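Peer 1: got a sequence here, can you build the structure:
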Amino acid sequence: MSPATARELAARDNDGVHVLLLWHPAENAVSVSVEDARFGETFQIAVAPDRALDAFYHPYAYAA
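Peer 2: Next up is the predicted model:
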């Protein structure tokens, strides 16, 4: 899934953690992108569409 072709559905920032909920129209897939400025870490996880909002609000639980 390419972030360049993704559409941002939601974004939030909290204490140096930037979270994006992304839709990838070419694949009709959803992912959550996390950038943690506190530790310099970034990751992206694919999520089931019916779990997208839960993963957006709790990305570390889905990354585990």
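
Peer 1: the helices in the protein, which residues?
Peer 2: 52-57, 59-63 (DSSP state H).

Peer 1: so which elements touch the shortest one?
Peer 2: Packed against helix 59-63 by the contact rule (3 or more Cβ pairs under 8 Å, 6 or more residues apart in numbering; DSSP states H and E) you find strand 29-36, strand 41-47, helix 52-57. In short, each C-beta sits where N, CA and C put it, glycine included.

Peer 1: with the longest one instead?
Peer 2: In this structure, helix 52-57 makes packing contacts with strand 7-14, strand 17-24, strand 29-36, helix 59-63, judged by 3+ Cβ pairs under 8 Å, 6+ apart.

Peer 1: may I see the buried residues of the shortest one?
Peer 2: Read it as helix 59-63. P59, Y62 (16 or more other Cβ atoms under 10 Å).

Peer 1: give me the residues contacting that helix.
Peer 2: For helix 59-63, the external contacting residues (Cβ atoms under 8 Å, 6 or more residues apart in numbering) are V19, V32, V34, F43, I45, V47, R51, D54, A55.

Peer 1: measure E35 to N14 for me?
Peer 2: Look at E35 and N14: by Cβ to Cβ, to the nearest Å, they are 12 Å apart.
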